[in-house]
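> Here you go, sequence then predicted model.
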Amino acid sequence: MQSIIEFFLHNRDFVFLVILMIFLGIEVISHVPAVLHTPLMSGANAIHGVVIIGAIIIMGHSDPHDYLSLTLGFISVILGTLNVVGGFVVTNRMLEMFKKKK
């Protein structure tokens with residue numbers, strides 16, 4: 001518990017920055033019109049591939065006996081992959097709506 005408190009005290013600026021980014025993201029997304037929400041979110045989900053690459057790099061540089069880093073990296077790869085695939089599925093479904101019916 002002491003190490004967690006020391007981490008937050010040492011990285012206080014970054015913690016505040018992340019909290020600010022969360023509130024800013026919620027504010028921006030809540031003001032997007034409903035018509036644009038799906039295309040924007042599917043594109044944003046496709047950009048999530050950066051998280052996959054970052055997680056793979058973290059896993060590659062971590063100590064083989066550091067199970068916390070490896071587990072978090074693995075979970076990040078899985079969730080990032082699901083997010084990217086979901087973004088492309090939503091985009092494909094959305095583009096299907098614009099095709100002419102036979």
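Structure's in. What do you need?
> so where is the chain shaky, pLDDT-wise?
For the chain, applying pLDDT under 70 flags the ranges 37-38, 42-43, 46.
> the helices in the protein, which residues?
Here the chain has its helices, by DSSP state H, at 2-10, 12-30, 34-47, 49-61, 67-96.
> any chance of those helices in TSV, plus mean neighbour count and distance to K102?
For glycine as for every other residue, the C-beta is placed from the backbone atoms N, C-alpha and C. Shown next, in TSV, are these (neighbours: other Cβ atoms under 10 Å; distance: least, Cβ to Cβ, whole Å):
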stretch	mean neighbour count	distance to K102
helix 2-10	9	59
helix 12-30	10	37
helix 34-47	13	24
helix 49-61	14	34
helix 67-96	14	13
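> Domain boundaries for the protein, per the record?
Listed by automatic domain parsing, the domain ranges of the chain are 1-31, 34-102.
> got the contact list for the residue nearest the centre of the chain?
By Cα atoms, centre = their mean, the chain has its centre lying nearest to H48, at 5.3 Å. Applying Cβ atoms under 8 Å, 6 or more residues apart in numbering to H48 gives the contacts 80, 83-84, 87.
> Torsion angles phi and psi at it?
Main-chain dihedrals, H48, degrees, to the nearest 10: phi -60, psi -10.
> ok, it to V85 distance?
From H48 over to V85 the distance is 10 Å, taken as Cβ to Cβ, to the nearest Å.
> Include distance to T71 when you put the contacts of H48 into JSON lines, please.
Formatted as JSON lines, these follow (distance: Cβ to Cβ, whole Å):
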{"residue": "G80", "distance to T71": "15"}
{"residue": "N83", "distance to T71": "18"}
{"residue": "V84", "distance to T71": "21"}
{"residue": "G87", "distance to T71": "25"}
